[in-house]
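Undergrad: What follows is a predicted structure for the sequence shown.
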Amino acid sequence: MKYGWKAVLGIIWVFCLTGAALIVFFVSGWYSPWAFATAGALGLVLGIPAGIWNARKLRREDPNWKDGRYVKAPEGLS
């Protein structure tokens, strides 16, 4: 799963940021198609880099991830 985590985390970040932006726009009284377009653009522009960063951080800090491959934990640790 070379790009799997980046894709999954990227989609989650995009949807969460888009939803948060829509909530902010609706609370501030901005009800128009441009609010949806702006929220979607904000979600894409901020969510894709955040998903890539998050996937790299997970792999960097996981003790069982070495050289791009998952290594099983030794007996007794899992």
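TA: Perfect, I can see it now. Residues are numbered from 1 along each chain as shown.
Undergrad: which stretches of this structure form helices?
TA: Along the chain, counting by DSSP state H, helices occupy 4-27, 33-61.
Undergrad: could those helices go into TSV alongside mean neighbour count?
TA: Yep, even glycine has a C-beta here, placed from its N, CA and C like the rest. Shown next, in TSV, are these (neighbours: other Cβ atoms under 10 Å):
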stretch	mean neighbour count
helix 4-27	15
helix 33-61	15
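Undergrad: Surely residue 9 touches residue 51?
TA: Yes. Using Cβ atoms under 8 Å, residue 9 is in contact with residue 51, at 4.1 Å.
Undergrad: ok, residue 25 - contacts?
TA: 31, 35, 38, 39 (Cβ atoms under 8 Å, 6 or more residues apart in numbering).
Undergrad: hey, which helix or strand in the protein has the poorest pLDDT?
TA: strand 69-70 (a mean of 61; mean pLDDT, DSSP states H and E).
Undergrad: Provide a list of residues in contact with the nearest residue to residue 40 once chain neighbours are set aside.
TA: Counting by Cβ to Cβ, 6 or more residues apart in numbering, residue 40 lies nearest to residue 18, which is 5.6 Å off, once chain neighbours are set aside. Each residue near residue 18 by Cβ under 8 Å, 6+ apart is listed here: 39, 40, 42, 43, 47.
Undergrad: do the same with residue 50
TA: Counted by Cβ under 8 Å, 6+ apart, residue 50 has contacts 9, 10, 13, 17.
Undergrad: if I look at it, how far off is residue 27?
TA: The gap separating residue 50 from residue 27 is 23 Å, by Cβ to Cβ, to the nearest Å.
Undergrad: Can you pull the poorly scored residue ranges out of this structure?
TA: 1-3, 63-74, 76-78 (pLDDT under 70).
Undergrad: at 90 instead, please
TA: Across the chain, residues meeting the criterion (pLDDT under 90) sit at 1-10, 51-78.
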